[in-house]
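**Q** Need a 3D model of the following:
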Amino acid sequence: MVYFLIFAVMRLTKPTLFTNVLVTCEERDLPGGLFNQLMKDDPSTVKGAETLMLGEMLTLPQNFGNIFLGETFSSYISVHNDSNQVVKDILVKADLQTSSQRLNLSASSAAVAELKPDCCIDDVIHHEVKEIGTHILVCAVSYTTQTGEKMYFRKFFKFQVLKPLDVKTKFYNAEVRAVCIWASIFGYLWEEF
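**A** Okay, the predicted model is just below:
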C-alpha cells in the first residue's frame, strides 16, 4: 500500500489587481476594431474604461514576496490525504528558526486521530517578525499507517527579512550671512550677522 500525504504551505498576503495588457489600434488600421472589441469583451477590464488598464480581478502572489521587520508573517498550512487509505495519529508542526532562536508556531500540539481519504488538516500560523536576516519555516508531519508503520517528513521554506526603511542622515553647517526681515509695506530691511 502506498500512502500519499500532500503538504502545502502558502504565505497569506493581500491580493493585487490584475494588470491588463493594452493592445489597441485605430479604426483605419489593418485589424480595424478587432483589438478594441477584444478589450471590451475581456472579463478582467472595467467596462467603459478598457484603455486605462484597470483590472477588476484580483490575483494571488506567485512568489513568497518580501517580508519586512515588524510585519506579521502569516501562512496557511495544509496536509491532504491523497491515498485511498485512512492514516492515523497525524501531527503537524510548524517552527520558525532564526539566527538566534527557534519558535513553535503550531496552533495545536495534539495529534489528529485519523485522516480519511481526500480530507485535509488545515492550519493558519501568525508571527510578528522581530529579527532581520535569514528565517527558515520548518514544517514537519508525522503519521501512522494502517499497518502501524510510523512515517515522518518535513519541508523547509527559507526567506529573508529586510529592513522596512533605511534612513541615512547627513549633517552639515551652513553659514547664513543675511536674514530678510519684513520691515514695512515699502520694502525689506537686511540685517547682517
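
**Q** From now on I want contacts and neighbour counts done on CA atoms only, so please keep to that.
**A** Noted.

**Q** could you pull out the strands for the protein?
**A** 5-11, 16-17, 58-59, 67-68, 72-81, 87-97, 102-104, 112-115, 120-128, 133-144, 150-162, 178-184, 187-192 (DSSP state E).

**Q** can you put those in CSV and add mean pLDDT and mean neighbour count?
**A** What follows is the strands of the chain, written out as CSV (pLDDT from 0 to 100; neighbours: other C-alpha atoms under 10 Å):
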stretch, mean pLDDT, mean neighbour count
strand 5-11, 86, 16
strand 16-17, 66, 13
strand 58-59, 64, 12
strand 67-68, 88, 18
strand 72-81, 91, 17
strand 87-97, 93, 20
strand 102-104, 92, 14
strand 112-115, 90, 16
strand 120-128, 92, 15
strand 133-144, 92, 18
strand 150-162, 91, 14
strand 178-184, 46, 10
strand 187-192, 46, 10
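
**Q** Mind putting those into CSV with distance to residue 39?
**A** CSV is the format used below for those (distance: least, C-alpha to C-alpha, whole Å):
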stretch, distance to residue 39
strand 5-11, 33
strand 16-17, 17
strand 58-59, 18
strand 67-68, 35
strand 72-81, 36
strand 87-97, 45
strand 102-104, 49
strand 112-115, 47
strand 120-128, 39
strand 133-144, 43
strand 150-162, 39
strand 178-184, 60
strand 187-192, 62
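
**Q** Please identify which of those strands is closest to residue 34.
**A** strand 16-17 (25.3 Å; C-alpha to C-alpha).

**Q** Excluding chain neighbours, what is closest to residue 141?
**A** residue 92 (4.7 Å; C-alpha to C-alpha, 6 or more residues apart in numbering).

**Q** Against residue 81, how distant is the one you found?
**A** 13 Å (C-alpha to C-alpha, to the nearest Å).

**Q** Could you do residue 105 as well?
**A** 22 Å.

**Q** any idea how far residue 129 is from residue 74?
**A** With C-alpha to C-alpha as the criterion, residue 74 and residue 129 are 10 Å apart.

**Q** and the nearest residue to residue 73 once chain neighbours are set aside, what is it in contact with?
**A** Spatial nearest neighbour of residue 73, chain neighbours left out: residue 127 (5.1 Å); criterion: C-alpha to C-alpha, 6+ apart. For residue 127, the contacting residues are 72-74, 105, by C-alpha atoms under 8 Å, 6 or more residues apart in numbering.
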